[in-house]
Structure formats: structure tokens, C-alpha cells
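Asker: structure for this input, please:
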Amino acid sequence: MASTASRFVPSFTRPAEKVIRQFIRELGSVDRLFVMTGAGISTESGIPDYRSAGVGQYARTNHRPVTHQEFMGSQHTRQRFWARNFLAWPRFRDAQPNETHRTIAKWERSDRFHWLVTQNVDGLHTKAGSNRLTELHGCGHRVKCMECDYTMSSYYGFRS
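Answerer: Here you go, the predicted structure:
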């Protein structure tokens, strides 16, 4: 794990090998895999989560996510949102999938895999090769016009 990425990984206690083996056995008996992920899966890729003690976004800054209602209701909020995104874009764009993203993408190639749902907007599941997924909150790698539905890559809007 790179030092840049590790600064966002919360402290944890590794499960005992016995627990890991039991989990793998249980997973092997599942007929259909439906996987749900959230922010914790991407911390090892250098994408901070919001709530982890000491290392999450809430612990490190006063910035909070902008709600859809705030975004749509205020030109100032939209300008602030896009300014913050512009500054964070290089790290976000360059983040790479970690072992967990790649493992889930491998699972997708099995007959047992049904679907992946993620709350993350980092696009790392797609970068890892997942196709059968729903991104509940969208993807930060794509920008959609709220008036005409035109969609474009964030790359073109954030080029430096």
C-alpha cells in the first residue's frame, strides 16, 4: 500500500485466519452473489471516506458533501462544488483499483455473480473491470447536464 493511500486507511485489526477461512467457506456455498460496497473499499486506493475516525473527510476538514437540493438551488454552491472538484480531480482521476476492486471484478466472471451496487463515485470498480454494477450516487468521471441530459467525461472539463 502506497504511503499516500495509507493515510486514508482507518486503523483496524486483521481478522484471524480461522475467521477468514470460515468466510471463504461460506462464500463458496452462496449460489448467487450480490455485492454492495461503500467508501471503505477505496481508502486503500487513496480515496478518503467520510466517517473513519482520525482519517475520514469529516475528521480532517469542515467540508461536507453537497446535497442535490443545495447543488440545484444555488449558483454559489455549484461554483464551490466545481472548484473543490477541480482541485481534487488529479488524485481522483489517477487513483487505481486495489485488490478488493480487482477481486470483485474477477467474481463477476463467475456464473454465480449477480450484481454489484456501490455508493462510491470514484469509478474504481469500472477501472478494475466490473461491468454489472449500479453506481447509486453516479460517477465522478462523468458529468451530466441537468437540463438536456448530455453526458461527458470529467476529464474534458478538468484538463489542466
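Asker: any idea how far residue 98 lies from residue 77?
Answerer: 32 Å (Cβ to Cβ, to the nearest Å). Using the backbone N, CA and C atoms, a C-beta is placed for each residue, glycine as well.
Asker: actually, residue 96.
Answerer: According to Cβ to Cβ, residue 96 stands 31 Å off from residue 77.
Asker: which one's more surrounded, residue 98 and residue 77?
Answerer: When neighbours are counted by other Cβ atoms under 10 Å, residue 98 and residue 77 differ, and residue 98 comes out ahead with 19 against 15.
Asker: can you tell me the SS state at the residue nearest to that one when sequence neighbours are not counted?
Answerer: Excluding its sequence neighbours, the residue lying closest to residue 98 (Cβ to Cβ, 6 or more residues apart in numbering) is residue 44, at 4.3 Å. Classification of residue 44 using DSSP: H, G, I helix; E, B strand; the rest coil returns helix.
Asker: thought residue 44 was touching residue 9?
Answerer: Yes. Look at residue 44 against residue 9 with Cβ atoms under 8 Å: they come within range, at 5.7 Å.
Asker: please, which helix or strand holds the residue sitting furthest away from the middle of the chain?
Answerer: Distance from the C-alpha centroid of the chain peaks at residue 18, with 29.0 Å (Cα atoms, centre = their mean). Assigned by DSSP states H and E, residue 18 belongs to helix 17-28.
Asker: using CSV, write out every CA atom in that helix.
Answerer: Below are the C-alpha coordinates for helix 17-28, written out as CSV (Å, rounded to 0.1, in the frame of the first residue of the first chain):
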residue,chain,number,x,y,z
GLU,A,17,-7.1,-16.7,9.8
LYS,A,18,-9.8,-19.0,11.1
VAL,A,19,-12.4,-16.3,10.5
ILE,A,20,-11.1,-15.6,7.0
ARG,A,21,-11.2,-19.4,6.2
GLN,A,22,-14.8,-19.6,7.5
PHE,A,23,-15.8,-16.6,5.4
ILE,A,24,-14.4,-18.2,2.3
ARG,A,25,-16.2,-21.4,3.0
GLU,A,26,-19.5,-19.6,3.5
LEU,A,27,-18.9,-17.6,0.3
GLY,A,28,-18.3,-20.8,-1.5
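Asker: following the chain onward from it, which element is next?
Answerer: Per DSSP H and E, the first helix or strand lying C-terminal to helix 17-28 is strand 33-37.
Asker: what packs against that next one?
Answerer: Where contact means 3 or more Cβ pairs under 8 Å, 6 or more residues apart in numbering; DSSP states H and E, strand 33-37 is packed against helix 99-108, strand 113-118.
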